[in-house]
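1. Below: sequence and its predicted model.
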Amino acid sequence: MTIPSRPEYVGVIRLTVSAIANRIGFNIEDIEDIKVAVAEACTNAIQHSYNDESNFYVAFEIGIDSLGVVVRDDGKGIKVEDVKEPQLGELKEGGLGIFIIKSLMDEVSFSCEIEKGTEIKMVKFLHENY
């Protein structure tokens, strides 16, 4: 999906991923985790895009026992190796998005090229014990 880089579209993505996760069979708690992680990734894509006229891209990878979500932007990019775990004593507004995504999803990977954008791949597995 191609999405305009504007905050009002994050809710649309949250609703979409919620419906897909529900259809696969995730429980409410996991659906909420997925929605938060995806919203964080989308918000990062919007914040780091060049302007309001650009787009970001969301793809869903539906497996038998998993849901994968890919969020990609064409923004400034980041050096993934420069992203550090936040220190509780040094918390400030913002800067927790990647930490939140990693804590809520089962698998997370990043790829990035400076001046070409960032791609975040997230996977949540459907656990049998629900």
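-> Cool, the structure landed. Numbers count the residues shown, from 1 in each chain.
2. Phi first, then psi, for residue 108.
-> phi -140, psi 130 (degrees, to the nearest 10).
3. Verify the stated contact: it with residue 121.
-> Yes - between residue 108 and residue 121 there is a contact under Cβ atoms under 8 Å: 7.1 Å. C-beta here means a position set from N, CA and C on the backbone, and glycine is covered the same way.
4. For residue 118, which non-adjacent residue is spatially closest?
-> residue 112 (4.4 Å; Cβ to Cβ, 6 or more residues apart in numbering).
5. Show me what counts as buried in the helix or strand residue 18 falls within.
-> According to DSSP states H and E, residue 18 maps onto helix 10-24. Residues of helix 10-24 classed as buried: 10, 13, 14, 16, 17, 18, 20, 21, 24 (neighbour count, 16 or more other Cβ atoms under 10 Å).
6. Contacts only, for the last one.
-> To tie it back to what came earlier, the one meant is residue 24. Going by Cβ atoms under 8 Å, 6 or more residues apart in numbering, residue 24 touches 62, 67, 126.
7. Quick check: it vs residue 60, distance?
-> To residue 60, residue 24 is 10 Å away according to Cβ to Cβ, to the nearest Å.
8. go on, the first one?
-> Residue 10 sits 15 Å away from residue 60, taking Cβ to Cβ as the criterion.
9. pLDDT of the lengthiest helix in the chain, averaged?
-> For the chain, the helix that runs over the most residues, judged by DSSP state H, is helix 28-47. In this model, helix 28-47 has a mean pLDDT of 96.
10. does residue 113 have beta-bridge partners, and which?
-> Residues in a beta bridge with residue 113, per DSSP bridges, are residue 117.
11. And residue 66, by the same measure?
-> Assessed by DSSP bridges, residue 66 has beta-bridge partners residue 125.
12. Neighbours of it, how many?
-> Using other Cβ atoms under 10 Å, residue 66 is surrounded by 15 other residues.
13. picking that back up, what touches both of residue 24 and residue 60?
-> Residues touching both residue 24 and residue 60 (Cβ under 8 Å, 6+ apart) are residue 67.
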